[in-house]
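**Q** Got a sequence here, can you build the structure:
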Amino acid sequence: MPGALFCVAAALIEYFFGLGPALTVMLVGLVIADYLFVPPYADFSVFDRRDVMLLVSYPSLTIFVISLIERLRRAQFRAELFASVAKSRYEMLLRADNNRALRLRTIDETHRLLRHLPHYHDTIILIQALDRKASLRPDAQHVTGNANTLPHTSAPGSRFSSVHPVDAARLQNTLSPGSHRLRIKSGEHHYKPVDCVGERFTTHAGDFLVLRIGD
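**A** Numbering: from 1, shown residues only. The predicted structure is shown next:
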């Protein structure tokens, strides 16, 4: 079998480089095998049965092997392509599900905020936007009854004017979700400590914090 090693070489070339280079290696191997490994050696002038056997067996076996490898490689390529497409579609579905979940969450938070505001309208002290895109008013406004000013990211509630000026000024820098204790006017010049609650709401327009008098 003078062409066995050349058949293996053609199969390896087919696996790594494709059909064209493999056929080239097969033809070059056929010439080299007939010239160097078939008696009479290094001579093309004599053509006998051994040359015929080489010309029939070696190309037939090599073409069969490289055709099989080519088919397997194409099947592998299709499988990898389908896997890549499936992965891309799966990632698209995940992103769509995440976006839908985020939209549902913001819608639920918006509805909760809308239900919250009318229910506690008379006890709301301050509404503050927590990010840049959540703007409540285009300009600053002065709070009636004191010298404090509210930036455009804050809006006073119905009870804000009753808050002690020092506490009102402190709210602009330290307001956060949770419990707060503020001094709220209960008479003409008398302030009474009152427990208040700050609640955070995430909506499509941004994050907001609603400070109200506790129950």
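**Q** Give the rounded mean pLDDT of stretch 80-98.
**A** Mean pLDDT, stretch 80-98: 94.
**Q** which intervals of the chain have sub-threshold pLDDT?
**A** By pLDDT under 70, the low-scoring segments of the chain are 114, 118-119, 131-153, 205.
**Q** Tell me which residue is most central in the chain.
**A** R95 (6.6 Å; C-alpha atoms, centre = their mean).
**Q** which element is that one on?
**A** According to DSSP states H and E, R95 maps onto helix 49-119.
**Q** quick one, domains of this protein?
**A** Following the assignment in automatic domain parsing, the chain carries domains at 1-119, 121-213.
**Q** most tightly surrounded among those?
**A** domain 121-213 (a mean of 16; mean count of other C-beta atoms under 10 Å). Heads up, the C-betas are built off the backbone N, CA and C, glycines and all.
**Q** got the CA positions of stretch 113-126 in PDB?
**A** Output of stretch 113-126 as PDB, limited to C-alpha atoms (Å, rounded to 0.1, in the frame of the first residue of the first chain):
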ATOM      1  CA  LEU A 113     -47.900  56.000  43.700                       C
ATOM      2  CA  LEU A 114     -51.100  57.200  42.200                       C
ATOM      3  CA  ARG A 115     -53.100  55.300  44.800                       C
ATOM      4  CA  HIS A 116     -50.800  56.600  47.500                       C
ATOM      5  CA  LEU A 117     -51.100  60.300  46.700                       C
ATOM      6  CA  PRO A 118     -54.900  60.700  47.000                       C
ATOM      7  CA  HIS A 119     -55.000  58.500  50.100                       C
ATOM      8  CA  TYR A 120     -52.400  60.500  52.100                       C
ATOM      9  CA  HIS A 121     -53.000  63.900  50.300                       C
ATOM     10  CA  ASP A 122     -53.600  65.800  53.600                       C
ATOM     11  CA  THR A 123     -50.600  64.300  55.300                       C
ATOM     12  CA  ILE A 124     -48.000  64.600  52.600                       C
ATOM     13  CA  ILE A 125     -45.100  66.900  53.500                       C
ATOM     14  CA  LEU A 126     -42.700  66.600  50.500                       C
END
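**Q** Could you give the separation of it from the chain centroid?
**A** 37 Å (C-alpha atoms, centre = their mean, to the nearest Å).
**Q** Repeat that for stretch 172-188.
**A** In terms of C-alpha atoms, centre = their mean, the centre of stretch 172-188 is found 41 Å from the chain centre.
**Q** Could you name the specific helix or strand carrying D43?
**A** Per DSSP H and E, there is no helix or strand for D43.
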